[in-house]
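Novice: quick one, structure for this:
(2 chains)
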Protein chains: 2
Amino acid sequence: SLTNATRRGLPKEKMSENGIMSRAKVLTIDTMNPTVKKVEYAVRGPIVQRAVELERELSEGMKKPFAEVIKANIGDAHAMGQQPITFFRQVLALCSYPELLSDSTFPEDAKSRACRILQSCGGNSMGAYSASQGIDSVRQDVARYIERRDGGVACDPDNIYLTTGASDGIVTMLKLLVCGEGTTRTGVMIPIPQYPLYSAALAELGAVQIDYFLNEEKCWSLDITELQRAVNEARQYCNPRALCIINPGNPTGQVQSRQCIEDVIRFAAKERLFLMADEVYQDNVYAEGCQFHSFKKVLFEMGPEYAETVELASFHSTSKCYMGECGFRGGYMEIINMDDEVKDQLTKLLSVRLCPPVPGQALMDLVVNPPQPGEPSYGSFIKERTATLSALAEKAKLTEQVLNTVQGISCNPVQGAMYSFPRITIPEKAVKEGQQPDMFYCMKMLEETGICLVPGSGFGQKDGTYHFRMTILPPTDKLKILLNKVKEFHQRFTQQYS
Amino acid sequence: SLTNATRRGLPKEKMSENGIMSRAKVLTIDTMNPTVKKVEYAVRGPIVQRAVELERELSEGMKKPFAEVIKANIGDAHAMGQQPITFFRQVLALCSYPELLSDSTFPEDAKSRACRILQSCGGNSMGAYSASQGIDSVRQDVARYIERRDGGVACDPDNIYLTTGASDGIVTMLKLLVCGEGTTRTGVMIPIPQYPLYSAALAELGAVQIDYFLNEEKCWSLDITELQRAVNEARQYCNPRALCIINPGNPTGQVQSRQCIEDVIRFAAKERLFLMADEVYQDNVYAEGCQFHSFKKVLFEMGPEYAETVELASFHSTSKCYMGECGFRGGYMEIINMDDEVKDQLTKLLSVRLCPPVPGQALMDLVVNPPQPGEPSYGSFIKERTATLSALAEKAKLTEQVLNTVQGISCNPVQGAMYSFPRITIPEKAVKEGQQPDMFYCMKMLEETGICLVPGSGFGQKDGTYHFRMTILPPTDKLKILLNKVKEFHQRFTQQYS
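Specialist: Next comes the predicted model:
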């Protein structure tokens, strides 16, 4: 008997060797969502897949020219040995298993924080759903944190949305902004080099990616004339509606000056762009003379003409800074000057996924409301935080210094964030190997040294230039070994292909 | 000077009363993503928003005809007072704060589970990212759980993807399936009544929703002739590619027979549909003679013609059953017979969001690998689990019985899941009030009694029929009071509008 499928001219069933009717699959590479196919995410791309394979081969006793794989591809602090903040984990344990509240070995401030969080949870349990926008008391704490950070600029907890890491918030905001077809399709400006979440989300949403290039010669600074060039050109073929900024920069590590941020805000106002400020590295500022300025604060200091009109979303997370708690997927976004009806739509959209993970919300609460002077855990908290941030500052400096001793590698100062993004010279002969040259370079480095980096092509770079991204997260002694291996590899590679 | 915006004929800046230039917003209800506007999610819709307002008004001392709001709108067990499983929370506390591993008050099996989980985490910390597909050892434990559950049918850990709750997995699978335009646009068959995640996700993805109606007269059973009618009609205007089943049913509470599942699988094979089995209530089966059969098991028992061809995704979560750990957003999906290239695309897509929350993954691990006979926590685990499931069974029966004593309310047996979905008679006069009649009914019930239910229109129902969804989760004594209040309200409402 004929099936509907064969009647409709779809591939027929075939008898396979073992006599089983093999039907053509419903879902194939040719019949799947075409926008998903366009998504690329190099941070966990082919190099990382090969790194995982190599780790397995090593563990199975296979011989390699290295003893271990070092994953310097991703900002995963704990995986690199960074220790969690004791206070945070004590509170999380208390929230997970409240019987511990009667355990006298836990400090009182940890207990009082845990009680406050649990009282805000349905049935006093982290196992209950929270409100879709996040737990009320956590959003209040976030608002007070932002006010302290921004020197008293007011923050309304109603503008705070807790998220599943910063990525979730960024994707949600981009989703709201996408509309139109053809030359009216939404365009979104992103820096090049960028963190590839942006290009991936835009590809999936079918929005137009508008590249603006950071100035490598000026320490990856952002140039308003370049923004202007990019938006002018883009207006020929799409409708530019949003401008994304990553500050401190990922993968580029620059920290924007206050002046630059003001200029960007003026530009966004003039060109009618929704501003998206990715500020997840706000505590990761190392270079002397550099300081983190939030877009929110600068916006409000520019007076009501800007403060009451420019639409801004800013993103933060529990994953970076001194916390490094990536696995908990905690984060928040603050939304400024958003149209009320759109805000209702945002809240509705979020409600479909029910709520962000509650342990991540609890952790976000601790990050914005850490131990205060006079509380029993204050001393150890400050000590742990300072140790982590000082070590990162030292490693940022070390990375820049060692890489710049290598002929053919040139590395801007790592002013902030967690990565170096050095430029590498790749000999002509290697460029002609037929792959992306920096992919070829990184894959070879992985096979020969066990070091896993991400090629610059995964973040975007000017044509004819090559880079890699390397985290500064390994412990100092290990980082030294790693940097020397990179140096030796680069020299060997250059020689081999010269 | 003219801005680009005014040059392009966009709304001009206007001077407002206080002298501030007011710019038209970039993002408005008219210029936002139109597919987002189409999303509806009644489980957290206007009734729930009003319930939250009422709670605030009560807490501010405002007088109401009730002392508390009872949220029977959502399957949020802990918020309703259900206690978490002690063993699960002990392990989570140990994983959060591993210093507790030397605390002698924790049982040995909790410690060994925690060690196993931590050893699978980067840097032995839940704060590290996991692999995008989820922690290897957790996926292995899930696979062994499925094998035990399905009487030995093999399960490959490579087919397991850990998710952020089941919703995340369902949305991801639907996303892969969507393609085409106009009459070739992907259509997805969903039950009516449905859990509105499905309609919301399809609206957002711009896919075509194909309704098939469950048979209320036969205890919400699924009828193959109805599936056939629905798919035949749909082929006129779209390309039906997937069939979603919720078993046990949400909001309808029916449990499918083995025979029915076989028929559905045969139908999917014949019509070339990707099967999506939402099995998050797999432990919530109460009615005598009813039993949970997984689609996977039935598929494999139907022999290679089906087992080796029919594409199936099945979904589970930590949020329901006896656990009720919604806040942790844990879940998994198992993917059968998926094309290898599509699987690579799926893994790539998931990598953009980095990983599901690790505490949720840890919890999923405990659910699929609970204390075993002979282990110290086995006794208390079984006792707690049994107590929760027996109480739910009792409350399912109680709900059906009490509701069926009310004239104008007719309630099918709650065979499984966590909800009753009774049919209600609404007098003509109330139907003519101008709102959705069951929305009007539920809003009035909320204002008069403090009971928060979800109107049937939020799940879909046959034209001219009205229902509400009510959870069976409140503690038995509270549920009795609640059911009596519903009864009294219904009688009053009927009288008022007759």
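
Novice: contacts, neighbours, all on C-alpha from now
Specialist: Fine.

Novice: buried ones in the helix or strand in which A:Gln361 is found?
Specialist: Per DSSP states H and E: A:Gln361 is located in helix A:358-368. Within helix A:358-368, the residues that count as buried by 16 or more other CA atoms under 10 Å in any protein chain shown are A:358-368.

Novice: could you do stretch A:32-47 as well?
Specialist: For stretch A:32-47, burial by neighbour count (16+ other CA under 10 Å) applies to A:32-45, A:47.

Novice: just the ones of these in helices?
Specialist: Among these, DSSP state H puts A:34-38, A:47 in helices.

Novice: make JSON lines out of those residues and add pLDDT and distance to chain B.
Specialist: Listed next are these as JSON lines, based on pLDDT from 0 to 100; distance: CA to the nearest CA, whole Å:
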{"residue": "A:Pro34", "pLDDT": "91", "distance to chain B": "7"}
{"residue": "A:Thr35", "pLDDT": "90", "distance to chain B": "9"}
{"residue": "A:Val36", "pLDDT": "90", "distance to chain B": "7"}
{"residue": "A:Lys37", "pLDDT": "89", "distance to chain B": "7"}
{"residue": "A:Lys38", "pLDDT": "88", "distance to chain B": "10"}
{"residue": "A:Ile47", "pLDDT": "90", "distance to chain B": "13"}
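
Novice: helices and strands around the helix or strand just after the helix holding A:Gln361, which ones?
Specialist: Going down the chain from helix A:358-368, the next helix or strand is helix A:378-403, by DSSP H and E. Contacts defined by 3 or more CA pairs under 8 Å, 6 or more residues apart in numbering or on different chains; DSSP states H and E place helix A:378-403 against strand A:419-420, helix A:476-496.

Novice: okay if I get those as TSV plus mean pLDDT, mean neighbour count and distance to A:Tyr195?
Specialist: Output for the helices and strands packed on helix A:378-403, formatted as TSV (pLDDT from 0 to 100; neighbours: other CA atoms under 10 Å in any protein chain shown; distance: least, CA to CA, whole Å):
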stretch	mean pLDDT	mean neighbour count	distance to A:Tyr195
strand A:419-420	96	26	11
helix A:476-496	95	16	23
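
Novice: which among the ones you listed is found nearest to chain B?
Specialist: Nearest to chain B, of all the helices and strands packed on helix A:378-403, is helix A:476-496, at 14.5 Å by CA to the nearest CA.

Novice: and the angle for that closest one with helix A:378-403?
Specialist: 20 degrees (axes from the mean of the first three to the mean of the last three CA atoms, to 10 degrees).

Novice: on contacts alone, who are the packing partners of helix A:476-496?
Specialist: Helices and strands touching helix A:476-496, by 3+ CA pairs under 8 Å, 6+ apart, are helix A:378-403, helix A:437-449.

Novice: mind doing that once more with 6 Å?
Specialist: Packing partners of helix A:476-496 (3 or more CA pairs under 6 Å, 6 or more residues apart in numbering or on different chains; DSSP states H and E): none among the helices and strands.

Novice: could you check the angle helix A:437-449 makes with it?
Specialist: Using the same axes, to 10 degrees: helix A:476-496 against helix A:437-449 is 120 degrees.

Novice: thinking again about what came up before, what's the closest of the buried residues of helix A:358-368 to chain B?
Specialist: Checking the buried residues of helix A:358-368 against chain B by CA to the nearest CA gives A:Val358 as the nearest, at 5.1 Å.

Novice: got a list of what the closest residue to that closest one other than its chain neighbours touches?
Specialist: Nearest non-adjacent residue to A:Val358, counting by CA to CA, 6 or more residues apart in numbering or on different chains: B:Gly327, 5.1 Å away. The contact partners of B:Gly327, by CA atoms under 6 Å, 6 or more residues apart in numbering or on different chains, come to A:126-129, A:357-358.

Novice: can you do 10 Å?
Specialist: B:Gly327 is in contact with A:121-122, A:125-130, A:354-361, B:76, B:78, B:165, B:318-319, B:360, counting by CA atoms under 10 Å, 6 or more residues apart in numbering or on different chains.

Novice: now, which of those lie within helices?
Specialist: Using DSSP H, the members of the contacts of B:Gly327 that fall in helices are A:358-361, B:165, B:360.

Novice: name the nearest of the residues you listed relative to A:Glu57.
Specialist: Within the ones in helices among the contacts of B:Gly327, the smallest distance to A:Glu57 is 29.3 Å, found for B:Gly360 (CA to CA).

Novice: identify the residue spatially nearest to the closest one, adjacent ones excluded.
Specialist: Distances taken as CA to CA, 6+ apart place B:Gly330 nearest to B:Gly360, at 4.0 Å, with adjacent residues excluded.

Novice: let's have the helices and strands packed on helix A:378-403 in CSV, adding distance to A:Asp340.
Specialist: Converted to CSV, the helices and strands packed on helix A:378-403 look like this (distance: least, CA to CA, whole Å):
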stretch, distance to A:Asp340
strand A:419-420, 38
helix A:476-496, 49
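
Novice: would you map the helices across the stretch 51-200 of chain A?
Specialist: Here the stretch 51-200 of chain A has its helices, by DSSP state H, counting those that start in this stretch, at A:86-96, A:108-119, A:136-149, A:165-177, A:197-205.

Novice: now do the last one: which elements does it pack against?
Specialist: Think helix A:197-205. Here helix A:197-205 touches helix A:34-38, helix A:165-177, strand A:186-192, strand A:208-213, helix B:340-352, going by 3 or more CA pairs under 10 Å, 6 or more residues apart in numbering or on different chains; DSSP states H and E.

Novice: what is the burial count for A:Glu147?
Specialist: Neighbourhood size, A:Glu147 [other CA atoms under 10 Å in any protein chain shown]: 16.

Novice: residue contacts, it?
Specialist: Applying CA under 10 Å, 6+ apart to A:Glu147 gives the contacts A:141, A:153-156, A:297.

Novice: go again using 8 Å as the cut-off
Specialist: Shown in contact with A:Glu147 (CA atoms under 8 Å, 6 or more residues apart in numbering or on different chains): A:153-155.

Novice: from those residues, which ones fall inside strands?
Specialist: Per DSSP state E, strands hold no members of the contacts of A:Glu147.

Novice: of those residues, keep whichever come out buried.
Specialist: Buried members of the contacts of A:Glu147, counted by 16+ other CA under 10 Å: A:Cys155.

Novice: okay, the contacts of A:Glu147 in TSV with distance to B:Glu433 next?
Specialist: Shown next, in TSV, are those (distance: CA to CA, whole Å):
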residue	distance to B:Glu433
A:Val153	47
A:Ala154	44
A:Cys155	42
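
Novice: format the contacts of A:Glu147 as TSV; extra columns: distance to A:Lys395 and pLDDT.
Specialist: Output for the contacts of A:Glu147, formatted as TSV (distance: CA to CA, whole Å; pLDDT from 0 to 100):
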residue	distance to A:Lys395	pLDDT
A:Val153	34	95
A:Ala154	36	95
A:Cys155	35	97
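
Novice: got the contact list for stretch A:331-346?
Specialist: Outside stretch A:331-346, the residues that touch it by CA under 8 Å, 6+ apart are A:159-166, A:169, A:176, A:308-318, A:360-361, A:364, B:25, B:27-29, B:32, B:36-37.

Novice: from the chain's centre, how far out does that stretch sit?
Specialist: In this view, stretch A:331-346 has its centroid 21 Å away from the chain centroid, taken as CA atoms, centre = their mean, to the nearest Å.

Novice: so what's the residue count around A:Glu433?
Specialist: So A:Glu433, with other CA under 10 Å, has 11 neighbours.

Novice: nearest spatial neighbour of it, skipping sequence neighbours?
Specialist: Using CA to CA, 6+ apart, the nearest residue to A:Glu433 is A:Phe440, at 7.9 Å.

Novice: for that neighbour, give its distance to A:Thr172.
Specialist: Separation of A:Phe440 from A:Thr172 (CA to CA, to the nearest Å): 34 Å.

Novice: residues of the stretch 201-350 of chain A that sit close to chain B?
Specialist: A:241, A:270-274, A:304-305, A:308-309, A:311, A:324-329, A:338-339, A:341-342, A:345, A:348-349 (CA under 8 Å from any CA of the partner chain).
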